[in-house]
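Trainee: Task: produce atomic coordinates for the following.
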Amino acid sequence: MTESDRTQLEELMARFARGDLGALVPFIHMFGAAIARVIRRHLNDLGRLDVARDRQQVDELVQECALELSQRAGSWDPSGALPWVWADRAIRRIVVSYIGHPSVEFDPGQHDGPDVSLTDRDVEVRFEELVQRHPDLDLLLQAIARVGSDRDRAVHVQYRIQKGLGDLSPAHTVGAEFGLKPAHVRQIDRRMRNRLVELIKRDPKYARLAELRWLVA
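Mentor: All right, here's what the predicted structure looks like:
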């Protein structure tokens, strides 16, 4: 991105932050292609190559995502990541909502233990991907369900995933998603990890989770 493009991006995001939706058309005109690349990446990850190849549907998603970015503009830091990178999880959630929930969704009814489905569908999708690669995370999901509220579970899981994805400011990213201060996000994560450690010590069923990097700050 050129310096001129970056300047125009900041001006358009500033207009959004002031409630000026007249910036939406020039924003899409200038940066719609970049947003479309993010959308296609998520569609490909979810196995929906048919939608990724459909220009009309991608354009519809670009408009939805641009509107979402306009509503989040007040929380965007111009010195940080580009808006469509900063709001990657929100974009993915829009994509998932548009195409319907993936067929590989984790079904807690097929596993022992309490109902561990999370309220945020994006969390379920990404956590399911991790579970498939890491069988111990299936047990971890059950443990998480025992030690926190729906909100705290969702914040904790999204924070852990965002860190794993290499986000340099995961607390800011997750805080923007949930309307929480970064310090509160970190506090929730710390509290959840402490409760998980206590559960692991107390219940032999979860003993093998003690070595998971998930529990490391």
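
Trainee: buried set for stretch 197-212?
Mentor: Within stretch 197-212, the residues scored as buried using 16 or more other C-beta atoms under 10 Å are 199, 200, 206, 209, 212. For glycine as for every other residue, the C-beta is placed from the backbone atoms N, C-alpha and C.

Trainee: Lowest-confidence one in the residues you listed?
Mentor: Within the set of the buried residues of stretch 197-212, pLDDT is lowest for residue 212 (79).

Trainee: ok, so what distance separates the residue nearest the centre of the chain from residue 173?
Mentor: The structure's the chain has its C-alpha centroid closest to residue 89; by C-alpha atoms, centre = their mean the separation is 3.2 Å. Look at residue 89 and residue 173: by C-beta to C-beta, to the nearest Å, they are 7 Å apart.

Trainee: can you count the residues close to the residue nearest to residue 64 when sequence neighbours are not counted?
Mentor: What sits nearest to residue 64 in space, not counting adjacent residues and going by C-beta to C-beta, 6 or more residues apart in numbering, is residue 94, at 5.4 Å. Residue 94: 19 surrounding residues under other C-beta atoms under 10 Å.

Trainee: From what I see, residue 94 and residue 67 are in contact.
Mentor: No - using C-beta atoms under 8 Å, residue 94 makes no contact with residue 67, being 9.4 Å away.

Trainee: Enumerate every residue touching the residue nearest to the centre of the chain.
Mentor: For residue 89, the contact set (C-beta atoms under 8 Å, 6 or more residues apart in numbering) comprises 122, 158, 162, 173, 177.

Trainee: By mean pLDDT, point me to the weakest helix or strand of this structure.
Mentor: helix 121-133 (a mean of 52; mean pLDDT, DSSP states H and E).

Trainee: In terms of secondary structure, what does the strand or helix carrying residue 196 contact?
Mentor: Per DSSP states H and E: residue 196 is located in helix 182-202. When contacts are defined as 3 or more C-beta pairs under 8 Å, 6 or more residues apart in numbering; DSSP states H and E, helix 182-202 packs onto helix 136-147, helix 150-164, helix 170-178.

Trainee: got these as TSV, with mean neighbour count columns?
Mentor: Listed next are the helices and strands packed on helix 182-202 as TSV, based on neighbours: other C-beta atoms under 10 Å:
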stretch	mean neighbour count
helix 136-147	19
helix 150-164	21
helix 170-178	22
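
Trainee: how far away is residue 209 from residue 68?
Mentor: Distance, residue 209 to residue 68, by C-beta to C-beta: 35 Å.

Trainee: same check, this time on residue 214
Mentor: Plainly put, residue 214 is 29 Å away from residue 68 if you go by C-beta to C-beta.

Trainee: Show me which of the two is the more surrounded one.
Mentor: Counting neighbours by other C-beta under 10 Å for residue 214 and for residue 68 shows that residue 214 has the greater number, 21 against 18.
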